[in-house]
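*Asks:* okay, predicted coordinates and the sequence, questions at the end:
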Amino acid sequence: MMNSPLDEGQLVSFEHMNRAQKRAFILRDQLKYDEEQHLDVFIDGIRNPEPPRYKRTSSGIQPSFEEVTIKHSTTRFDLGNVEFSDKSVRRVHLACVGDSYEMHESDAISPDEDDFNSVPLNYYIAQKIMPSFKKKYEAIHARVQRVNDMRRHVYEQASNRQPKTSSRFKEGESLAKLMSSDPVTESTQPESDSRKRPSDSIIRHPLNKKKRIGVENVSSAIKTDAVNRLPDHAKIDLFNAFVKSAFPDFDNLLMASWNVVSIFVNVGSEDLMLHNSIGDLHEVLLRFDEFFGKKTRGNGGGGPVSCQMPEHYAAHHGVPQRIELVGCYSVD
């Protein structure tokens with residue numbers, strides 16, 4: 001398996017994250033390294049030194065020429081439990097089979113406090129991990145080719161043979177279920193073209209499940225009080241027109257804010273200051289909804305949940321030992 005063993009000590013610095021955020025961070029961290037010494041761990045037949053010191057002897061060139069290969073276990077990466085857009089949870093392995101990238105599903109891991117992989121990972125995070133798996137696997141494949149080319153060159157000094165071209169990889173059909181799990185994803189702007197014109201509306205992010213955002217969420221009572229002498233429907237229309245005219249980016253401001261909170265809930269950050277700042281933003285948005293919005297509390301939405309930070313960590317950094325986690329509050 002391409003996964004590296006979980007270092008429990010690594011999690012000490014991320015106590016401010018919830019378990020899903022830690023999961024996402026660890027998976028991204030396992031795929032980001034591409035140094036040659038690290039890549040060699042996933043290759044069978046690597047020697048020290050590399051290439052070997054070939055010598056001509058009475059029995060021929062020694063040692064004999066052998067190509068290195070990718071370890072079979074390297075072709076798979078365990079994502080653990082993944083929650084798809086239809087709320088189903090399955091264990092997912094990313095794999096390279098031949099020249100195709102595939103997704104292999106199996107029964108979900110039963111909830112277990114001692115098994116980090118049992119924490120469901122949002123399908124959106126899984127989609128974002130797939131390119132990292134492809135990049136690392138192809139880096140390992142390229143390293144194998146370079147090592148074999150160096151060995152061949154040293155072994156056959158007089159050879160003018162051209163190195164083999166790298167294989168072309170493609171995405172298999174089964175991977176489409178993960179990468180197209182939510183049609184909303186296709187409507188979002190591609191990461192390679194993230195710039196937008198000032199007049200463009202901010203598109204709802206697939207992780208942003210907030211149903212009522214912007215001027216439409218301002219309660220009818222507040223709108224009615226603005227213009228008492230008009231009929232209620234006219235007051236509401238006037239209020240909407242007034243806000244959109246006075247604050248043309250009001251909806252965009254709230255949509256962008258809820259996008260940030262919704263993404264952070266699933267992704268997290270090892271930076272405590274960023275974590276607390278996003279938490280402040282979330283609280284401001286919730287207070288705004290409480291004052292202006294349609295009251296939806298008490299319908300199973302839940303409330304803020306506190307997280308106990310290590311006593312030594314809180315004392316060292318001068319922060320409360322008990323803090324509220326953004327990721328534990330419903331954003332519906």
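*Replies:* Now that the structure is in, tell me what you want to look at. From a predicted model like this one, the values you see are computed outputs, not experimental measurements.
*Asks:* contacts and neighbour counts: CA atoms only from here.
*Replies:* OK.
*Asks:* please give the element, helix or strand, for I263.
*Replies:* helix 250-267 (DSSP states H and E).
*Asks:* buried set for the helix or strand that comes right after that helix?
*Replies:* Later in the chain than helix 250-267, the nearest helix or strand by DSSP H and E is helix 272-292. In terms of neighbour count (16 or more other CA atoms under 10 Å), helix 272-292 has its buried residues at L272, H275, N276, I278, G279, L281, H282, E283, L285, D289, F292.
*Asks:* save the residues you listed as TSV, and put in pLDDT and distance to S201 too.
*Replies:* Listed next are those as TSV, based on pLDDT from 0 to 100; distance: CA to CA, whole Å:
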residue	pLDDT	distance to S201
L272	82	31
H275	86	27
N276	85	28
I278	89	22
G279	88	25
L281	91	21
H282	90	21
E283	90	24
L285	89	19
D289	83	21
F292	74	22
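*Asks:* residue nearest the centroid of the protein?
*Replies:* The structure's the chain has its C-alpha centroid closest to I125; by CA atoms, centre = their mean the separation is 3.4 Å.
*Asks:* which element is N3 on?
*Replies:* Assigned by DSSP H and E, N3 falls within no helix or strand.
*Asks:* can you give me the helices for the stretch 101-250 of the chain?
*Replies:* 123-155, 176-179, 183-187, 220-226, 232-246, 250-267 (DSSP state H, counting those that start in this stretch).
*Asks:* turn the buried residues of helix 272-292 into a markdown table, columns for distance to R23.
*Replies:* Shown next, in a markdown table, are the buried residues of helix 272-292 (distance: CA to CA, whole Å):
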| residue | distance to R23 |
| --- | --- |
| L272 | 17 |
| H275 | 16 |
| N276 | 19 |
| I278 | 19 |
| G279 | 20 |
| L281 | 23 |
| H282 | 22 |
| E283 | 24 |
| L285 | 26 |
| D289 | 30 |
| F292 | 36 |
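*Asks:* can you list the domains in the chain?
*Replies:* Following automatic domain parsing, one finds the domains of the chain at 8-183, 200-328.
*Asks:* distance to M1 for those - can I get that in JSON lines?
*Replies:* What follows is the domains of the chain, written out as JSON lines (distance: least, CA to CA, whole Å):
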{"stretch": "domain 8-183", "distance to M1": "4"}
{"stretch": "domain 200-328", "distance to M1": "23"}
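*Asks:* M130 is in contact with L31, correct?
*Replies:* No - taking contacts as CA atoms under 8 Å, L31 lies outside contact range of M130: 9.9 Å.
*Asks:* run the angle between the helix holding I263 and helix 232-246 for me.
*Replies:* Here helix 250-267 runs at an angle of 80 degrees relative to helix 232-246 (axes from the mean of the first three to the mean of the last three CA atoms, to 10 degrees).
*Asks:* buried residues in helix 250-267?
*Replies:* For helix 250-267, burial by neighbour count (16+ other CA under 10 Å) applies to 251-252, 254-267.
*Asks:* contact partners of it?
*Replies:* With contact meaning CA atoms under 8 Å, 6 or more residues apart in numbering, helix 250-267 is reached by 20-21, 24-25, 122, 125, 201-205, 207-210, 213-215, 243-244, 278, 281-282, 285, 326-328, 331.
*Asks:* quick check: of the buried residues of helix 250-267, which lies closest to D112?
*Replies:* D112 has its nearest neighbour among these in N266, at 19.7 Å by CA to CA.
*Asks:* do you know how far the closest one is from H233?
*Replies:* From N266 over to H233 the distance is 40 Å, taken as CA to CA, to the nearest Å.
*Asks:* do K209 as well
*Replies:* Plainly put, K209 is 28 Å away from H233 if you go by CA to CA.
*Asks:* show the average pLDDT along stretch 89-103.
*Replies:* Averaged across stretch 89-103, the pLDDT comes to 93.
*Asks:* with stretch 173-186 instead?
*Replies:* The pLDDT scores in stretch 173-186 average 67.
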